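A.B. asks: take a look and give me a structure for this.
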Amino acid sequence: MTSTGDYSPKTIREQAARRRTFAVISHPDAGKSTLTEALALHARVIGQAGATHGKAGRRATVSDWQKMEQERGISISSAALQFEYRDAVLNLIDTPGHADFSEDTYRVLSSVDCTIMLVDAAKGLETQTMKLFEVCAHRNIPIITVINKWDRPGLEPLELMDEIRERTGMLPTPLTWPVGVSGDFRGVLNREDGTYTKYTRSDGGASIAGEETMDAEAAAALEGEAFTTAVDESELLEMEEQNHDQVSFLAAKSTPVMFAAAVLNFGVHKILDTLVDLAPAAEARADKDGTDRPVDAPFSGFVFKVQAGMDANHRDRLAYIRVCSGVFERGMVVTHASTGKPFATKYAQQVFGRDRAVIDEAFPGDVVGLVNASALRVGDSLYLDQPVEFPGIPTFSPEHFMVIRAKDSSKYKQFRRGIEQLDHEGVVQVLRSDLRGDQAPVLGAVGPMQFEVAEDRMVQEFNAPCRLEPLPYTIARRTTAECVPTLARERSVEVLSRSDGELLALFSDRWRLQGVERQHPELVLEPLVVS
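C.D. replies: Numbers count the residues shown, from 1 in each chain. Okay, here's the model as predicted:
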């Protein structure tokens, strides 16, 4: 089916230029879900902000919808939020913040054009932040840095700039500079024009904070030494040539920096303005052969996330598609690149946390949720008219392994259906062998909390209580069928088949792996490398 909409190449290019598709990366508890709410509040998508760790009586963060997310105050699944701000369309792809879900975060980062790196003012660059930064650096994704929680005691701002420079290799180029030490956040100096934006706290941070911008003379009279100190420190940055440069930013060599307190809604407007003014728009994407697919080419996109259980009333599954080129129109029949088969898009939605709305069209940079897309897996490409296949999304190497069994044999059907669904979504990697049989598959995970999610969802969504038993393996390597007989004779080694057909050899530890490699140098034992 050829697109029936009356969209000229110029219209498609103009719509792509309006899009800003980004994610927020951070260490757990840096305030990512709170910032997501604050951005939506300031864009007037929602009327009142909730907070994951808010006071009793405040509503739950809308982007965290799974039961475990709300109980523990963490983000597990990804939520896609779209909203308009000024003349731009912003697509915020929310990501899991917990380290145990870094594989899901990696998939999400394959779909964005820019990231916001959220840094806790008191803790600086933490472990998970750096892991996610490295993924962004590997992909040359431009990064905007937000120093959050400036309303609480924390590090000196110049100390934070030094840490960013030393640990990431990027030059921090602050757009704003805090007036008032951390814990006494009064407002920010706007470095571009020297003005001062004073913040006024709203009740509990549930509504947009008041902002008043004034010239330097009025600011000095109002804030005294606090403003003078901010000016002096800004001049030090000037001497070090830490000023924004758009070419350097887009090349991921420098990072614009802003100071904020998301829970109070301080500095959020500036973040939105920066996304519109500086973040890259949707542009041509390279296919797996390295050839750019122009944004005005016929429709194409790829799956970066599969999620089920979002609607308790319907056992449906949702495939998140990043539109790369052309126009997506609901009802169009596209081609599934990996199979060559037609794929109908009758049920298409935009997703805001758990809330959904039917979507009729989408442009490059947008994210579309395709309902009941059982044929689609993470990394699959879809196209119209002109064939294209985008690079696949590699899987992480699992480091934790458990056997899972149904507690009630009469519920084996539900058990099997649940395991297939979790595998399809990539919640865990499902491994099998003839020896263990289908009734006792092995789950492989990057982090142990993935098992908790799997077990919880087996009970809540599939009514299939299960029992998990840990296995003594910590390392997985890709191998071949020819190597299986030799590996089967080795102690503390087991070979299992993954659902995508890959054979994985599991080892108790790296010393066991090294011993096998020394004894059998001819064996194929390849790392599962993220690329």
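A.B. asks: middle-most residue in this protein, spatially?
C.D. replies: residue 95 (3.3 Å; C-alpha atoms, centre = their mean).
A.B. asks: isn't it up against residue 25?
C.D. replies: Yes: look at residue 95 against residue 25 with C-beta atoms under 8 Å: they come within range, at 6.6 Å. Using the backbone N, CA and C atoms, a C-beta is placed for each residue, glycine as well.
A.B. asks: next up, the contacts around residue 420.
C.D. replies: residue 430 (C-beta atoms under 8 Å, 6 or more residues apart in numbering).
A.B. asks: show me where this protein has helices.
C.D. replies: 9-18, 32-42, 67-72, 102-109, 127-138, 157-168, 216-223, 225-239, 246-250, 268-278, 412-425, 449-460, 484-488, 510-519 (DSSP state H).
A.B. asks: can you list the ones you listed in a markdown table and add mean pLDDT and distance to residue 174?
C.D. replies: Rendered in a markdown table, the data for these read as follows (pLDDT from 0 to 100; distance: least, C-beta to C-beta, whole Å):
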| stretch | mean pLDDT | distance to residue 174 |
| --- | --- | --- |
| helix 9-18 | 96 | 27 |
| helix 32-42 | 81 | 18 |
| helix 67-72 | 44 | 33 |
| helix 102-109 | 76 | 24 |
| helix 127-138 | 85 | 18 |
| helix 157-168 | 97 | 7 |
| helix 216-223 | 96 | 17 |
| helix 225-239 | 96 | 6 |
| helix 246-250 | 98 | 13 |
| helix 268-278 | 95 | 11 |
| helix 412-425 | 87 | 40 |
| helix 449-460 | 84 | 35 |
| helix 484-488 | 95 | 54 |
| helix 510-519 | 95 | 42 |
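A.B. asks: among those helices, which is the most enclosed?
C.D. replies: Neighbour counts (mean count of other C-beta atoms under 10 Å) averaged over each of those peak at helix 32-42, with a mean of 26.
A.B. asks: angle of it against helix 268-278?
C.D. replies: 80 degrees (axes from the mean of the first three to the mean of the last three C-alpha atoms, to 10 degrees).
A.B. asks: just checking, what packs against helix 32-42?
C.D. replies: Contact partners of helix 32-42 among helices and strands, from 3 or more C-beta pairs under 8 Å, 6 or more residues apart in numbering; DSSP states H and E: strand 19-25, strand 80-85, strand 88-93, strand 114-120, helix 268-278.
A.B. asks: before we move on, back to that, can you work out which residues contact both of residue 95 and residue 25?
C.D. replies: In contact with both residue 95 and residue 25: 32, 105, 109, using C-beta under 8 Å, 6+ apart.
A.B. asks: was I right to think the first one contacts residue 26?
C.D. replies: Yes: using C-beta under 8 Å, residue 32 and residue 26 qualify as a contacting pair, with a distance of 4.6 Å.
A.B. asks: gap between residue 413 and residue 439?
C.D. replies: 12 Å (C-beta to C-beta, to the nearest Å).
A.B. asks: any idea how far residue 194 is from residue 245?
C.D. replies: Here residue 194 is placed at a distance of 19 Å from residue 245 (C-beta to C-beta).
A.B. asks: same check on residue 124?
C.D. replies: From residue 124 to residue 245 the distance is 24 Å (C-beta to C-beta).
A.B. asks: so for the two, which residue has more residues nearby?
C.D. replies: residue 124 (18 against 15; other C-beta atoms under 10 Å).
A.B. asks: what pairs with that one across the strands?
C.D. replies: Counting by DSSP bridges, residue 124 is bridged to residue 120.
A.B. asks: I am finished for the moment; much appreciated.
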